[in-house]
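Visitor: Fold the following.
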Amino acid sequence: MKLILLGAPGAGKGTQAEILSKKLGIPTISTGNILRAAVKAGTSVGLKAKSYMDAGKLVPDDVILDIIEERLAQPDCNGGYILDGVPRTIAQAEALEARGITFDHVISLEVSDEDIVKRMDGRRVCSHCGTPFHIESNPPKVADVCDVCGGELIEREDDKPETVRHRLEIYHQSTEPLKDFYQKRGKLDPVAGAQGTIEATTQAIVRILEA
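Guide: Prediction:
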C-alpha cells in the first residue's frame with residue numbers, strides 16, 4: 001500500500017501517519033526526517049543537501065526528490081510506504097510521476113482553517129524533553145508542567161494563531177492545488193479530519209483503504 005497524506009498544517013497528518021504505519025506495517029517517509037537521516041549518513045545526496053543547509057539556503061526540489069527516491073529503494077519500503085509532507089507542490093508531484101513513483105491512495109485530511117487555528121493554539125510542548133500536550137485533548141496533570149520530566153510547558157511560535165494563519169495561506173496557495181491534481185488521476189480520497197477523536201479519523205481512513 002503506497003499512500004500520500006495531504007492536509008493543512010495541524011490537520012493531523014503526522015499523527016495519522018504514525019498510527020497507520022503501525023497498523024499497516026509500512027514506514028512513514030517524512031521529508032524532514034529523511035533529510036536529516038541522509039545528512040547524518042553522509043550519502044552523496046545527503047552531502048549535497050547539507051551544502052545548501054549550511055549556506056542557509058532551501059534544499060532544491062531535485063535534491064529532495066533524490067533523497068526520497070533513495071529512501072524508497074530501501075527494503076522496508078517493498079510492501080509500501082506513507083509519504084507525509086511531500087509532495088508540497090504540483091511541480092514536486094509531477095517530478096515524482098516522472099521518476100515512476102506511484103501511489104494507491106492520496107488521503108486528504110479536511111479540517112477548516114478555524115478548527116486548525118483553535119487546535120494549534122492549544123498545543124503545548126515541554127521546554128526540556130519535548131513531550132507534546134494539548135490543553136483540551138491531552139492536558140498535563142498539572143497546568144503548564146510536563147508529566148514526564150516536570151519541565152515547563154510552552155507554546156511554540158509555530159503554533160501561535162498569527163503564525164498558523166500565515167502557514168495556512170501558504171498551504172492554500174502552494175499545496176492545496178494537489179487535491180485537484182490527484183482527483184483528476186482518480187487517486188484522491190477526502191476524509192473529514194475533525195471527527196471527534198483521532199481513532200474515528202483513523203477508522204475512516206482504514207475503511208477507504210479496505211474498500
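
Visitor: which residues in the protein form strands?
Guide: Taking DSSP state E, the strands of the chain run over residues 2-7, 28-30, 81-84, 105-110, 123-126, 132-134, 153-154, 188-192.

Visitor: Can you give me the neighbour number for the nearest residue in space to Leu3 that is not next to it in sequence?
Guide: Spatial nearest neighbour of Leu3, excluding adjacent residues (Cβ to Cβ, 6 or more residues apart in numbering): Ile82 at 4.7 Å. Quick note: C-beta positions are derived from backbone N, CA and C, even for glycine. Neighbourhood size, Ile82 [other Cβ atoms under 10 Å]: 24.

Visitor: is Ile82 in a bridge, and if so with what?
Guide: Leu3, Thr28 (DSSP bridges).

Visitor: Could you double-check that it lies in contact with Ile29?
Guide: Yes: at 6.6 Å, Ile82 counts as touching Ile29 under the criterion of Cβ atoms under 8 Å.

Visitor: where are the low-confidence patches of the protein?
Guide: Within the chain, the stretches with pLDDT under 70 are 195.

Visitor: go again using 80 as the cut-off
Guide: Within the chain, the set of residues satisfying pLDDT under 80 comprises 32, 193-196.

Visitor: just the helices in it please.
Guide: Under the criterion DSSP state H, the chain carries helices at the ranges 13-24, 31-41, 44-54, 61-72, 90-98, 113-121, 161-170, 177-183, 198-210.

Visitor: which of these sits most buried?
Guide: The highest average neighbour count among those, using mean count of other Cβ atoms under 10 Å, belongs to helix 61-72 at a mean of 19.
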